[in-house]
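Colleague: sequence isn't available, so here's the structure alone:
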């Protein structure tokens, strides 16, 4: 005969109460058998330059915790670490009794600053560039030469400028120090700007072989005339955007210099010719075309940039000023140049029209080129030490001298390359 079992209600209540008590004691167990709140790891920065120090903080439930910090599985001492190499690092925090923190990545970049320019020994210029302050001479000083523009492409260093053969100026660019001459000794030409796009090398400049200088650019050493030489014209800056070639400079209407740019060889005038105006730099962002230079106001040059042909005056024109270089970072417009203070030229850049002075005006100075890299503002130029012009660049307003001031030197063009090593 099959028997049925019915638990005693009193016994069942005692059993359930015991289970609940054991569970509660286990939860509050000070030995940590049950995990506490997960660690939260934060860093003072996650994208840095090689050699910078990062500070870490660990919390749990909003309270600071003294935990171990591991970088690429190696425990560090303390809560700060200096990342000496370029790499991507995985960082997490650990403490017994707590779940490990979520891993965070620190990217440590190698930053190389390249600057093209010229150093003068007596009256002879030596074309060169500096990499992180170390000079690389492109000419030996046996003849006059100048470097005006620099571009970095996949580790290759391109510099545009001029070499003189006696009185003749030969438009030249150097690739990794090897010269490639764009004109021969029968011409008189200058290479003022260089860019590389999909292995094609574009160089802007002007040819003075005829009656008047003619604006020109070369694509892979093949000349593309922009003007016919009937009037004075020059090309100062070149960019390539989605295979479209933009060149900035100036043309001449017969009486005045007219700031202009050429898109695929078609001229676009930026000024009406009532006053002198020149374009020194061009930048294309999407469908917007930015050009920097100057236009005359009464008797003074006035630093100006144009956005899609609309002029934006950077000064009031009461004193001499000029814009040499322009860079657009997101929606911010940076323009580098000079502004006279009454007795000297002051190196300056404008951010969205607001001036940022790099020198105090006690000596002449100039800002020739500007670039923004990961929020840092780099400007190249020169400042006078009382007797000589010293090639200089500024990072976020802090000056770095490239020459010792025994000879005059000029830093004309700057490029910044950030690289990240493999994990």
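Modeller: Looks like it arrived, so ask away. It should be emphasised that the depicted structure is a prediction, and the values quoted were computed from it without experimental measurement.
Colleague: surely residue 327 and residue 372 touch.
Modeller: Yes - counting by Cβ atoms under 8 Å, residue 327 does reach residue 372; the two are 5.6 Å apart. To be clear about C-beta, it is placed using only N, CA and C from the backbone, and glycine gets the same treatment.
Colleague: so between those two, which is more surrounded?
Modeller: residue 327 (23 against 16; other Cβ atoms under 10 Å).
Colleague: residue 336 versus the more buried one, what's the distance?
Modeller: 8 Å (Cβ to Cβ, to the nearest Å).
Colleague: next: residue 80.
Modeller: 36 Å.
Colleague: what are the bridge partners for residue 41, then?
Modeller: On the basis of DSSP bridges, residue 41 is bridged to residue 58.
Colleague: got the phi and psi for residue 408?
Modeller: The phi and psi values for residue 408, taken as degrees, to the nearest 10, are phi -70, psi 140.
Colleague: so what's it up against?
Modeller: Applying Cβ atoms under 8 Å, 6 or more residues apart in numbering to residue 408 gives the contacts 119, 120, 388, 389.
Colleague: equivalent analysis for residue 377, please.
Modeller: Applying Cβ under 8 Å, 6+ apart to residue 377 gives the contacts 334, 349, 370, 394, 395, 396, 397.
Colleague: could you single out the nearest of these to residue 227?
Modeller: Within the contacts of residue 377, the smallest distance to residue 227 is 27.7 Å, found for residue 370 (Cβ to Cβ).
Colleague: how far away is the residue nearest to that closest one when sequence neighbours are not counted from residue 324?
Modeller: Closest residue to residue 370 apart from its sequence neighbours, by Cβ to Cβ, 6 or more residues apart in numbering: residue 336 at 3.8 Å. Here the criterion is Cβ to Cβ. By it, residue 336 lies 6 Å from residue 324.
Colleague: which residues do these two both contact?
Modeller: Contact criterion Cβ under 8 Å, 6+ apart; residues shared by residue 336 and residue 324: 367, 368, 369.
Colleague: verify the stated contact: the second one with residue 325.
Modeller: Yes - taking contacts as Cβ under 8 Å, residue 368 lies within contact range of residue 325: 6.3 Å.
Colleague: neighbour-wise, which of those two wins?
Modeller: Higher neighbour count among residue 368 and residue 325: residue 368, with 28 against 25, using other Cβ under 10 Å.
Colleague: let me see the contact set for that one.
Modeller: So residue 368 contacts 324, 325, 336, 380, 381, 382, 410, 411, 412, 413 (Cβ under 8 Å, 6+ apart).
Colleague: and residue 284, what is it in contact with?
Modeller: Contacts of residue 284 by Cβ under 8 Å, 6+ apart are 239, 241, 244, 246, 290.
Colleague: tell me the secondary structure for residue 38?
Modeller: Per DSSP: H, G, I helix; E, B strand; the rest coil, the secondary structure class of residue 38 is coil.
Colleague: and the nearest residue to it once chain neighbours are set aside, how many neighbours?
Modeller: Residue nearest to residue 38 in three dimensions, not counting chain neighbours: residue 99, with 4.2 Å by Cβ to Cβ, 6+ apart. Neighbourhood size, residue 99 [other Cβ under 10 Å]: 13.
Colleague: re earlier: make TSV out of the shared contacts of residue 336 and residue 324 and add secondary structure and distance to residue 256.
Modeller: TSV is the format used below for the shared contacts of residue 336 and residue 324 (DSSP: H, G, I helix; E, B strand; the rest coil; distance: Cβ to Cβ, whole Å):
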residue	secondary structure	distance to residue 256
367	strand	26
368	strand	25
369	strand	27
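Colleague: what is the burial count for the residue nearest to residue 370?
Modeller: For residue 336, the count of nearby residues is 32 (other Cβ under 10 Å).
Colleague: and the helix or strand containing it, what does it pack onto?
Modeller: Element membership for residue 336, per DSSP states H and E: strand 332-340. Identification of packing neighbours for strand 332-340 by 3 or more Cβ pairs under 8 Å, 6 or more residues apart in numbering; DSSP states H and E yields strand 288-297, strand 300-307, strand 321-329, strand 345-351, strand 365-373, strand 376-384.
Colleague: the same query, at a cut-off of 7 Å, please.
Modeller: Here strand 332-340 touches strand 300-307, strand 321-329, strand 345-351, strand 365-373, going by 3 or more Cβ pairs under 7 Å, 6 or more residues apart in numbering; DSSP states H and E.
Colleague: any idea which of these gets closest to residue 45?
Modeller: Nearest to residue 45, of all the helices and strands packed on strand 332-340, is strand 365-373, at 15.4 Å by Cβ to Cβ.
Colleague: just the mean pLDDT for the closest one, thanks.
Modeller: Strand 365-373 carries an average pLDDT of 98.
Colleague: next one: stretch 212-230
Modeller: For stretch 212-230, the mean confidence score works out to 97.
Colleague: ends of it, what's the gap?
Modeller: End-to-end span of stretch 212-230 (Cα to Cα, to the nearest Å): 6 Å.
Colleague: now what about that stretch, what contacts it?
Modeller: 180, 182, 200-207, 210-211, 231-235, 238, 247, 249, 251, 262, 265 (Cβ atoms under 7 Å, 6 or more residues apart in numbering).
Colleague: in helices, which of these appear?
Modeller: Using DSSP state H, no member of these falls within helices.
Colleague: quick revisit: turn the helices and strands packed on strand 332-340 into TSV, columns for distance to residue 277.
Modeller: TSV is the format used below for the helices and strands packed on strand 332-340 (distance: least, Cβ to Cβ, whole Å):
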stretch	distance to residue 277
strand 300-307	8
strand 321-329	11
strand 345-351	18
strand 365-373	19
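Colleague: residue 73 is nearest to which of those strands?
Modeller: Relative to residue 73, the nearest member of the helices and strands packed on strand 332-340 by Cβ to Cβ is strand 365-373, separated by 31.3 Å.
Colleague: direction included, what does that closest one pair against?
Modeller: strand 376-384 (antiparallel).
Colleague: in the stretch 1-150 of the chain, which spans are strands?
Modeller: 40-43, 47-49, 53-60, 63-64, 68-71, 74-75, 80-82, 87-94, 104-121, 124-131, 134-137, 145-153 (DSSP state E, counting those that start in this stretch).
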